[in-house]
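**Student:** Quick one: sequence plus predicted model below, questions after.
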Amino acid sequence: MPASPSTADSASKSRSGLLAIIWLIGFFAFFNSFDLPNSPRSRFDVWAMAPFQYMDLIDPVPVVGAPRSGWRNFPQRFDLIFVASVILAGAWGFGSLVLRVLLPPSQSRLERTVFAFGVGLSGLSLITLLFGLAGLLSRALFVGVILACVLGEVVCRFIQSKSEDGPRQLFAALNIFRPKQQSNSDEQFVISYEVLGKALRVAVIVAFLLAIYLGAMLPSTDFDVREYHLQGPKEFFQAGRIERLEHNVYTSFPFLTEMLSLLAMVLRDDWFRGALAGKAVLAMFAPLTSLAIFALARRWLSVEAAWLALLVHISTPWTYRISIIAYAEGGLTFYLFAAFFALLLALERLRRGESIFSHAMLLGLMSGSAMACKYPGVLTVIIPLCGALGFSLLRAKSATAGTSSPLTFANIAKPVGAVIVGIALTIGPWLVKNFAETGNPVYPLLYSVFGADDWDEDLNRRWKKAHSPDHHQPTDIVVKLIDVTAKSDWQSFLVFGFAPLTVIAWRSLWKDEASTGSLPPKFVLLAAWSYVGFLFFAWWTFTHRIDRFWVPLIPVAALLAGYSAAWLDSIGHLRIRRALMTVTIFYNLAFVTTDLCGFNAYLAESNHAQRIAEKLAFGIHSLNQLDISEDQTVLMVGEAQVFDARFKHKYNTVFDESIFERWCGFNDPNSKEGAVVMRPPDDIRKTLKQNNIAYIFVNWGEILRYRPTYGYTDFVNPAPFEYLKRHGIIKDAMNNMTTYRAWDNLSERDQKEVKRWAPDLFVERDGEKLMIGMQIFRVAD
């Protein structure tokens, strides 16, 4: 006798649940078996220190000689919070006004809010770019624009709410007043388990957001941030306009997120405090991404899946890390997911036979904004998502009654045109700027196609070598897959612990029918898995495989994890799911608040925090201590993370022409292969005087780091400095400012490189083998 449907279904759930539990336990053990690749500690070490970390957060251990940390220092952040709030308010107003024209009123309030901030932040970034190019970096001008956007949206909401009675109109328009529901005074107030559960979830979210925002308002310690993410805006602010920085090629990238930092500098009228306020603005991309995940999951999966997916994303250490560091990945991650969301909204309307023009435009705006954050956005967002919409349009059938013919050319051309216009509006100005400055719209990329004014074959070869994969061995796919899913320091067990359970739950998905015209859950999950797979293989195939380049796939994977966690609850394994999420969140919150995830002096006294961060760029810190007058300039050689410099300086990045070589050397056609030789002493002395160079700082350690990877000019070695000293152009290196590195701490590769390239850097002092790390030379009067 065959089993009844209910018995068969129960047996299927039991088998699925058992498989899921086996997978979760096995992956949990696998995940926690790794040492942290960027730290000498293992995950078990972090588990062991977690309770003590929580105690230190509650009652920080005083540091001898340092001002006491605590909430008493929180008011020192008020100016940063105010400036960030002004920018976010302006973004909300600008984006909301645009969406009034673009999207139908039926769009849910949460979805409109997410897209409003996305459009608004991108719009303010472009406004900053255009004003900056015109030399109009004026606080009054930006305040006027922001006020106009906010007041414009408030007025629109007031008018829209005119049907409401009395003085409540304005409050209703602002969404800050809701009439209280009448309640029976005899009823007792009872907190249900459901309410308590939601309160605990909100508390967890608030805890991670608090860590994110306190961390974001600290000075930056990351090299790339101090080299160009904040250094570029600083130079624009000091110049009073946006102009090409020929010594810093990275500032020719699209700078959507960096323009928000520049805007904060202008509003704060201070490049350092403004940079911190700008970081607070960029940190907003984390909760915006989480809200987008919640909105998408609530629309097509379930409310429970939405909550769990949000928790997975906001508690992932990578989310915290890219939020407290002013990387472009935070913005790219948000716009990638927002574009994915916009694509699904467009496909849903296409499924219903409705016009998708507005949502196609929205897809274009989000996709173009992704590329405006970072060039890889064209590969990871524009090509796959806009291509998917085009493919869907070609396959779509006409909604005309009684026909099933393909869409007409006009019906395809309009949404395609809308996507193109959206992309052009958001990334177009950056491409035009680069074309006007260099002749290459995507400078410094595609040099073989467009060329560039100050780029050459040697720089292009070095660039491609540094930013391309070393190999494409198939076995490396498995290695990198493990890195991405489990081994990465800042990955969370919840992401790829739960996401694969959708495979086990697949049978039940076929029973989940979508409402009429809506996208079925199985379609959304299949689209998400396809996108995760594409993003991984695009990262492995086309990039230099730096870990943060794959971070944008996390919110898409978190969506899958949220659905799987909710499915696990539905088949009777709520306690197991809760236990795994609870212990992982306990670990993650402790982990993100350690120095393993970044600078974590959350409530330190502001000046003390600045000194700590500055000392990590020790050469800059040392120069800041010198009595360098306003009419004196320092020539930086091999040093590019100059954001903290409080003195005038000349520098170049590793992929720009060496200023030191240009000033001190020339190509001698009579020498072997046109080698670069030293200029006459008088020429060098004259050049240094014309540029008011009082000191020359050399970071030999950075040059050594560059040489085997990015490459560095052979001209820069100790010999030219001996030449300058011999001819009385510079004095001996300042002994009290010279630093050393232990020779035995260098890798074998670096030791060989020093002996081959600059043997004079190897010294012995008191029987200890050392390498000279940094030197400061005073230019002779």
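**Tutor:** Perfect, I can see it now. Numbering: from 1, shown residues only.
**Student:** Walking through this structure, point out its strands one by one.
**Tutor:** Listed in chain order, the strands found in the chain under DSSP state E are 633-637, 648-650, 665-667, 676-678, 693-699, 730-733, 739-742, 762-765, 768-779.
**Student:** Which residues are in contact with residue 425?
**Tutor:** Under the criterion of C-beta atoms under 8 Å, 6 or more residues apart in numbering, the contact list for residue 425 reads 126, 364, 365, 368. C-beta coordinates here come from the backbone N, C-alpha and C atoms, glycine included.
**Student:** Please parse the protein into its domains.
**Tutor:** With automatic domain parsing serving as the domain definition, the record reports that the chain contains domains spanning 77-179+209-597, 617-779.
**Student:** So which of the ones you listed is the most surrounded?
**Tutor:** Between the domains of the chain, the one whose residues have the most neighbours on average, counting mean count of other C-beta atoms under 10 Å, is domain 77-179+209-597 (a mean of 20).
**Student:** returning to that earlier point: quick one, which of the strands of the chain is nearest to residue 542?
**Tutor:** With C-beta to C-beta as the measure, strand 693-699 is the member of the strands of the chain nearest residue 542 (31.3 Å).
**Student:** quick one: that closest one to strand 633-637, angle?
**Tutor:** With axes from the mean of the first three to the mean of the last three C-alpha atoms, to 10 degrees applied, the angle from strand 693-699 to strand 633-637 works out at 20 degrees.
**Student:** ok, strand 693-699: who's next to it in the sheet?
**Tutor:** Sheet pairing for strand 693-699, assigned by DSSP bridges, gives strand 633-637 (parallel), strand 768-779 (antiparallel).
**Student:** hang on, the earlier thing: possible to save the strands of the chain as TSV with distance to residue 720 and mean pLDDT?
**Tutor:** Formatted as TSV, the entries for those read as follows, by distance: least, C-beta to C-beta, whole Å; pLDDT from 0 to 100:
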stretch	distance to residue 720	mean pLDDT
strand 633-637	10	98
strand 648-650	16	98
strand 665-667	7	90
strand 676-678	6	91
strand 693-699	10	98
strand 730-733	10	96
strand 739-742	20	96
strand 762-765	18	94
strand 768-779	11	97
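**Student:** Residue ranges in the protein under the pLDDT threshold?
**Tutor:** In the predicted model of the chain, residues 1-6, 8, 163-191, 398-405, 509-517, 671-674 satisfy pLDDT under 70.
**Student:** if you set the cut-off to 50 instead, what comes out?
**Tutor:** Applying pLDDT under 50 to the chain flags the ranges 1, 166-167, 169-174, 176-180, 400-402.
**Student:** Identify the residues contacting the most centrally placed residue in it.
**Tutor:** With distances taken as C-alpha atoms, centre = their mean, residue 329 lies nearest the centre of the chain, 2.2 Å away. Listed by C-beta under 8 Å, 6+ apart, the contact partners of residue 329 are 322, 373, 374, 548, 549, 551, 552.
**Student:** now do residue 443
**Tutor:** With C-beta under 8 Å, 6+ apart, residue 443 has these contacts: 249, 252, 434, 437, 450, 452, 455.
**Student:** Recalculate using a threshold of 10 Å.
**Tutor:** Under the criterion of C-beta atoms under 10 Å, 6 or more residues apart in numbering, the neighbours of residue 443 are 244, 249, 252-253, 431, 433-435, 437, 450-455.
**Student:** What of residue 66?
**Tutor:** Under the contact definition (C-beta under 10 Å, 6+ apart), the residues listed for residue 66 are 601, 604, 605, 608, 609, 611, 612.
**Student:** got the contact list for the closest residue to the last one other than its chain neighbours?
**Tutor:** So the one you mean is residue 612. With C-beta to C-beta, 6 or more residues apart in numbering as the criterion, residue 612 has its nearest non-adjacent residue at 6.2 Å, and that residue is residue 601. Under the criterion of C-beta under 10 Å, 6+ apart, the contact list for residue 601 reads 60, 63, 66, 69, 73, 214-215, 218-219, 595, 608-609, 612-613.
**Student:** still on that earlier bit, which one of the strands paired with strand 693-699 lies nearest to residue 292?
**Tutor:** Closest of the strands paired with strand 693-699 to residue 292 is strand 633-637, at 41.2 Å (criterion: C-beta to C-beta).
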